[in-house]
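> Sequence and computational prediction follow.
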Amino acid sequence: MSFAELQRWHSSAAPGEATESAVTYRGAYWPEIDGLRMIAVLAVIAFHLDSPLLGGGFVGVDIFFVISGFLITTLLANEIDGGSFSILRFYQRRIARIAPAAFLVVAVTLLAGALWYSVQDFASLGANALAAVFAVINFKLILQGNYFEISPDAQPLVHYWSLAVEEQFYLLFPIFLYGVMTLTRRPLAMLVGCCLISFMACVLLTLTVPVAAFYLLPTRAWELLAGSALAIARKRYGELGAERSSLCLLAGIVFIGLSFVLVREEGFPGWIAALPVAGATLALAGIGTSRGVLQRWLAHPAMVFVGKRSYSLYLWHWPVFSFIDYHVYSSDASFRLALKIGVTILATLLTYRFIERPMRLWLNVPRRRGLAFGALAVAAIVLGVAGYAIRTNYYFNAQPSSIASGGITINPQGRGWIVLIGDSQGSMYGYELASIAHALDFRLNILSVEAGSELPGEPHTLWPSISQFLGERKPDVLIVAQAWSAKLGGSGEDDMRKAMAVLADRADKIIVLTQPPQAPANATRQAIRAGARPPFFEEGAATEQRLRANAIIGNIAGGRVEVIEVADLFLGADNAIRLIAPDGTLAFQDSGHLSEPGTALVRPRLEQALRNALGLPQRR
């Protein structure tokens with residue numbers, strides 16, 4: 001997946017930090033900012049519903065960053081000038097405003113994932129939940145490495161990256177602002193200078209490492225600092241007059257509108273991000289005492305109503321869209337659209353009414369400061385532990401550094417001993433084998449490594465670490481599963497026999513799983529939603545490579561080596577791919593890997609082979 005494709009489903013606004021009470025330093029309410037929030041969040045939602053509909057709608061993130069910097073700097077500057085600044089009070093406001101709704105959505109998303117996701121996707125969700133609750137998911141997305149192809153509808157918490165950027169910004173910004181306002185004579189110049197440095201870093205890094213420019217705080221801080229600088233400028237120089245306010249607001253709305261039409265994911269953020277940032281800054285500069293036509297339009301009660309609920313709306317829309325696209329991928333597009341809108345609206349209204357607003361008011365009471373911090377810690381730990389447990393218990397892939405010490409151990413007190421080696425083809429059977437290990441009461445060591453080579457004689461093999469772990473011991477069964485089409489592409493049967501001979505000296509029994517067919521590129525939920533329908537066929541070249549590799553595997557069967565053929569489980573009489581598992585979900589995680597419903601189809605053959613090897617009675 002290209003970076004541009006990642007942006008298509010990662011790009012989303014985070015209005016959470018921009019939802020401080022819209023008050024000026026004079027205490028007046030700015031309803032126009034709620035209207036601006038509505039424009040931003042609906043643009044993001046339109047983009048996620050149908051990106052061609054509003055190709056630049058994802059710049060709502062930039063608009064919210066500017067709003068956030070403006071409002072929070074306004075409040076902090078008031079407190080610093082008034083001598084009432086308290087960093088603990090600031091963090092209490094952040095907790096009260098952000099955490100309850102954000103953590104609720106994470107918890108509900110984990111529950112929904114347990115119901116509807118394959119184990120691989122559920123494990124990925126667990127890892128993202130852990131990163132989201134500790135506000136580091138933007139780093140995880142930069143470093144995210146997964147041998148399985150990432151599917152947008154299986155990443156329902158990916159939009160939390162922008163909340164993470166803002167939380168990281170506000171971890172340090174209050175102290176920085178206090179310093180520049182109390183220790184320097186030109187706080188505005190300091191803010192503008194930092195803004196320009198961050199902008200230049202953004203432009204340069206977009207040219208070289210665009211994914212880092214997109215997610216990192218240093219290359220996004222300039223957007224928040226633009227709003228901060230405006231807040232200090234207004235505080236020092238006052239609001240604009242009525243005529244200039246209207247002109248600024250008009251220019252800002254025009255710039256924002258052009259951003260929605262002209263900006264695209266390619267090359268973003270870069271210099272083009274200045275367009276929506278300038279638009280948001282100008283629009284905020286035009287909001288104040290003037291009550292022109294545009295000001296009245298932004299302050300319309302309908303726009304204010306949506307704007308006040310923009311945080312809950314933002315939090316819910318992407319998880320709802322993801323689960324609907326995942327679970328009812330074959331349904332009519334109009335039905336899915338109606339379901340997405342209806343569920344998102346309902347979840348938003350309920351969350352705002354019963355969680356977001358009442359919890360903000362309740363946790364903001366000064367005497368409940370300790371409770372707010374304590375509740376945050378408990379909720380983060382509980383959800384973080386849940387995310388970690390999900391990641392470690394639903395997808396099993398060893399780290400190369402752990403192989404010599406046994407990789408991942410399942411049911412350590414089991415009576416038999418099974419070892420799994422291989423690459424991602426081995427890891428995809430990890431969950432099923434773990435379940436069988438508990439059912440048949442054997443110890444299982446998972447040593448398979450994504451993209452790894454583990455057979456004796458393979459280039460860059462990890463076999464020495466496996467051999468070190470085994471020592472003089474012999475497991476009852478050594479299971480081997482690899483991407484044979486690639487691994488045997490340049491070698492022949494002789495090399496495979498030599499490898500099996502080495503393995504046969506280290507285990508009482510060897511079980512080799514052949515490679516399943518490869519699903520075509522259009523055999524995905526996304527393609528089916530776009531209109532693709534069965535039958536799906538493996539591409540000719542892939543079929544030829546698989547048959548050749550599996551034939552080599554078949555020829556080494558005999559003696560201690562048993563080969564389990566799996567391809568026939570996923571091919572019909574006409575050689576069409578059996579894409580849909582019995583439970584209605586996809587049997588393939590991606591084109592080259594089975595999902596848990598797919599590996600479940602292999603389980604009866606695998607369990608029977610293990611019963612035979614361990615001398616256990618067959619299931620009746």
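Good, I have the coordinates.

> For residue 417, which residues are in contact?
442-443, 445, 473, 475-477 (CB atoms under 8 Å, 6 or more residues apart in numbering). To be clear about C-beta, it is placed using only N, CA and C from the backbone, and glycine gets the same treatment.

> Check residue 321 too.
Residue 321 neighbours (CB under 8 Å, 6+ apart): 48-49, 153, 340, 344.

> could you redo the last one with a cut-off of 10 Å?
For residue 321, the contacting residues are 9, 45, 48-49, 152-153, 156, 159, 336-337, 339-341, 343-344, by CB atoms under 10 Å, 6 or more residues apart in numbering.

> Test for you: state the pLDDT assigned to it.
Confidence at residue 321, expressed as pLDDT, is 98.

> just residue 392 next, same as before
94.

> helices and strands around the helix or strand harbouring it, which ones?
Counting by DSSP states H and E, the element that carries residue 392 is helix 369-394. With contacts taken as 3 or more CB pairs under 10 Å, 6 or more residues apart in numbering; DSSP states H and E, helix 369-394 sits against helix 87-116, helix 119-133, helix 357-363, helix 430-440.

> among these, which is nearest residue 277?
With CB to CB, the closest approach to residue 277 among those belongs to helix 87-116: 22.3 Å.

> can you put the helices and strands packed on helix 369-394 in TSV and add mean pLDDT, mean neighbour count and distance to residue 592?
What follows is the helices and strands packed on helix 369-394, written out as TSV (pLDDT from 0 to 100; neighbours: other CB atoms under 10 Å; distance: least, CB to CB, whole Å):
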stretch	mean pLDDT	mean neighbour count	distance to residue 592
helix 87-116	97	19	23
helix 119-133	96	25	13
helix 357-363	97	16	45
helix 430-440	97	20	16
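
> Dump the ones you listed to a markdown table, plus distance to residue 244.
Below are those laid out as a markdown table (distance: least, CB to CB, whole Å):
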| stretch | distance to residue 244 |
| --- | --- |
| helix 87-116 | 32 |
| helix 119-133 | 42 |
| helix 357-363 | 34 |
| helix 430-440 | 63 |
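
> can you give me the mean pLDDT across stretch 526-535?
Rounded mean pLDDT across stretch 526-535 is 92.

> In that stretch, which residues are buried?
Across stretch 526-535, burial judged by 16 or more other CB atoms under 10 Å covers 528-529.

> Next: stretch 498-511.
Buried-residue list, stretch 498-511, by 16+ other CB under 10 Å: 499-500, 503, 506-507, 509-511.

> same deal with stretch 387-394?
387, 390-391, 394.

> residue boundaries of the strands in this structure?
408-410, 416-422, 442-446, 477-481, 510-513, 536-537, 561-564, 576-577, 588-590, 593-594 (DSSP state E).

> need those in JSON lines with distance to residue 185, can you?
Shown next, in JSON lines, are these (distance: least, CB to CB, whole Å):
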{"stretch": "strand 408-410", "distance to residue 185": "60"}
{"stretch": "strand 416-422", "distance to residue 185": "66"}
{"stretch": "strand 442-446", "distance to residue 185": "63"}
{"stretch": "strand 477-481", "distance to residue 185": "68"}
{"stretch": "strand 510-513", "distance to residue 185": "72"}
{"stretch": "strand 536-537", "distance to residue 185": "69"}
{"stretch": "strand 561-564", "distance to residue 185": "77"}
{"stretch": "strand 576-577", "distance to residue 185": "70"}
{"stretch": "strand 588-590", "distance to residue 185": "58"}
{"stretch": "strand 593-594", "distance to residue 185": "61"}
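
> of all those strands, which lies closest to residue 73?
strand 588-590 (44.8 Å).

> between the strands of the chain, which gets nearest to residue 218?
With CB to CB as the criterion, residue 218 lies closest to strand 588-590 of these, at 33.3 Å.

> Other residues contacting that closest one?
Outside strand 588-590, the residues touching it (CB under 10 Å, 6+ apart) are 118-121, 146-151, 154, 424, 428, 516-519, 521, 523-524, 536, 570, 577-581, 594-599.

> Run a quick neighbour tally on residue 179.
Number of residues near residue 179 (other CB atoms under 10 Å) recorded here: 13.

> Please report how far the closest residue to residue 565 other than its chain neighbours lies from residue 412.
Spatial nearest neighbour of residue 565, excluding adjacent residues (CB to CB, 6 or more residues apart in numbering): residue 514 at 5.2 Å. Counting by CB to CB, to the nearest Å, the gap from residue 514 to residue 412 is 30 Å.

> neighbour count winner among those two?
Taking neighbours as other CB under 10 Å, residue 514 and residue 412 compare with residue 514 leading, 20 against 11.

> what's near enough to touch that one?
Residue 514 neighbours (CB under 10 Å, 6+ apart): 425, 481, 484, 546, 549-554, 563-568.

> with these in mind, which one is nearest to residue 276?
Distances from residue 276 to these, taken by CB to CB, are shortest for residue 425, at 44.5 Å.

> Tell me the one among the contacts of residue 514 nearest to residue 290.
Using CB to CB, those come closest to residue 290 at residue 425, 65.4 Å.

> Count the residues that sit near residue 450.
Neighbour number of residue 450 under other CB under 10 Å is 19.

> My error: substitute residue 236 in the last question.
10.

> List the contacts of the residue lying closest to residue 390 once chain neighbours are set aside.
Here the nearest residue to residue 390 in space, its sequence neighbours aside, is residue 126; by CB to CB, 6+ apart that works out to 2.8 Å. Residues counted as contacts of residue 126 (CB under 10 Å, 6+ apart) are 110, 113-114, 117, 157, 384, 386-395.

> swap the cut-off to 6 Å and go again
Residue 126 sits next to 387, 390-391 when contact means CB atoms under 6 Å, 6 or more residues apart in numbering.

> Could you save those residues as TSV and add columns showing distance to residue 371?
As requested, the contacts of residue 126 are exported to TSV (distance: CB to CB, whole Å):
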residue	distance to residue 371
387	24
390	28
391	30
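
> Point out where the stretch 351-500 of the chain drops to low pLDDT.
489-491 (pLDDT under 70).

> Residue 259 reaches residue 275, doesn't it?
Yes - Residue 259 is within contact range of residue 275, at 4.8 Å (criterion: CB atoms under 6 Å).
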